[in-house]
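Asker: model this:
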Amino acid sequence: MSSSSSSSAAGSAAQSSSSGGAGAKRTYVKLISAEGHEFFLDKEVAMIATTISAMLTGNFSESKGEIRFPEISTKVLEKVVQYLHYKQKYTNSSQPIPEFDIDPEMVADLLMAANFLNC
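Answerer: Got it, this is the predicted structure:
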């Protein structure tokens, strides 16, 4: 789930909202690219990346649900967010897993980001 900085995010970045059903609450985190673009995604999805998980659960300032990535461009961070959703959807899936398309121009930058984030 990505959103531009014009998204309504009053207050804390780690927001909770009720999704239909038995009052289940979802917590969202905000990832911020080098250019300041904000991506909001379900904390469960974000935790797939080991580095993000450590930042959110450790004694880091990021544990408040907002993580800045000053060295990851918007384009690359957007692809990382797409991959985290892809990985969540297809891990342990019994259906055929489609290829995850990557623009050849961004392979090196994406590889460095994936290595840093451990995802």
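
Asker: so what does the helix ranked longest in the chain touch, helix or strand wise?
Answerer: Taking DSSP state H as the criterion, the chain has its longest helix at helix 74-90. The contact analysis (3 or more Cβ pairs under 8 Å, 6 or more residues apart in numbering; DSSP states H and E) places helix 74-90 against strand 38-42, helix 43-46, helix 107-117. (C-beta placed from N, C-alpha, C; glycine too.)

Asker: Could you pull out the buried residues of the last one?
Answerer: Okay, so that is helix 107-117. The neighbour-count check on helix 107-117 (16 or more other Cβ atoms under 10 Å) flags L110, A113, L117 as buried.

Asker: swap in stretch 49-63?
Answerer: A49, I52, S53, M55, L56, E62.

Asker: Surely the fourth one forms part of a helix?
Answerer: Translated: M55. Yes: checked against DSSP: H, G, I helix; E, B strand; the rest coil, M55 lies within a helix.

Asker: That one and I67: what is the separation?
Answerer: Remark: distance between M55 and I67 (Cβ to Cβ, to the nearest Å) = 6 Å.
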